[in-house]
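**Q** sequence plus the predicted model coming up.
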Amino acid sequence: MVDKQSSGPREAAGRETGDVDVAGMWVTADGHIRQELLPDGRYDEARGTRSSAYTGRYTVTGSHLDYVDDTGFTATGDIRDGVLFHEHLVLYKEQQA
């Protein structure tokens, strides 16, 4: 949830956090896990050949992300130096052509 009275780095889902626009496709180095963070605060994660393995919503507070899967499972992530550390995963943002 976005605190509308906050004047700090807190941002709505899909907005920029520092120098990183979180919306877009984030992938592991081997390409096995692909997590698309949509501008509307939803995410869709594919694993291997399994598309939409996990779907849900996310919020951004500074450089921290909170995820709530559609099944109710929760997870967190942090962006450091342009890299998304999501639980035990390390994801890199794909550059758009």
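**A** Noted; the coordinates are in hand.

**Q** which residue ends up closest to the midpoint of the chain in space?
**A** Residue closest to the average C-alpha location in the chain (Cα atoms, centre = their mean): residue 37, at 5.0 Å.

**Q** just to check, that residue is in contact with residue 23?
**A** Yes. Residue 37 lies in contact with residue 23 (Cβ atoms under 8 Å); the separation is 5.3 Å. Any C-beta I mention is one placed from the backbone N, CA and C, and that applies to glycine too.

**Q** can you map out the strands along this protein?
**A** Assigned by DSSP state E, the chain shows strands spanning 10-11, 16-17, 20-21, 24-27, 33-37, 42-47, 50-61, 64-69, 74-80, 83-86, 89-93.

**Q** tell me which of those strands is the most buried.
**A** Most buried of the strands of the chain by mean neighbour count (mean count of other Cβ atoms under 10 Å) is strand 33-37; its value is a mean of 21.

**Q** other residues contacting that one?
**A** With contact meaning Cβ atoms under 8 Å, 6 or more residues apart in numbering, strand 33-37 is reached by 14, 22-28, 43-47, 58, 84, 86, 89, 91.

**Q** hmm, 7 Å instead?
**A** 14, 22-27, 43-47, 58, 86, 89, 91 (Cβ atoms under 7 Å, 6 or more residues apart in numbering).
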